[in-house]
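Give me a model of this one.
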Amino acid sequence: MIGLVLYLVFYLGMKRSGVKEEVSALRMEVRVLQEEVERNRRELENMKRR
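Here you go, the predicted structure:
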């Protein structure tokens, strides 16, 4: 799932004419998404333990 998100984000980013600011913004967005997925995974593990 994460791989698909990363692929789509970078595909769309590279499709545009190499705007470095856009690429760095997309990388930041990916980082935020990864943190959110990690947080959700931890919450799910905590729910399973209860």
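
And the strands in this structure?
With strands called from DSSP state E, the chain shows none.

Can you report how many residues neighbour residue 41?
Residues lying near residue 41 (other C-beta atoms under 10 Å) number 10. From N, CA and C alone the C-beta is placed, and that goes for glycine too.

again, but for residue 10
So residue 10, with other C-beta under 10 Å, has 14 neighbours.

Just to check, it is in contact with residue 26?
Yes - contact criterion C-beta atoms under 8 Å: residue 10 and residue 26 qualify, at 6.9 Å.

The longest helix along the chain - contacts with which helices or strands?
Under DSSP state H, the helix in the chain containing the largest number of residues is helix 20-49. Applying 3 or more C-beta pairs under 8 Å, 6 or more residues apart in numbering; DSSP states H and E, we find helix 20-49 packed against helix 2-15.

who touches the helix it packs on?
Contacting residues not belonging to helix 2-15 are listed as 22, 23, 26, 29, 30, 33, 34, 37 [C-beta atoms under 8 Å, 6 or more residues apart in numbering].

Provide a list of residues in contact with the spatially most central residue of the chain.
When C-alpha atoms, centre = their mean is applied to the chain, the residue found nearest the centroid is residue 30 (3.0 Å). Contacts for residue 30 (C-beta under 8 Å, 6+ apart) come out as 5, 6, 9.
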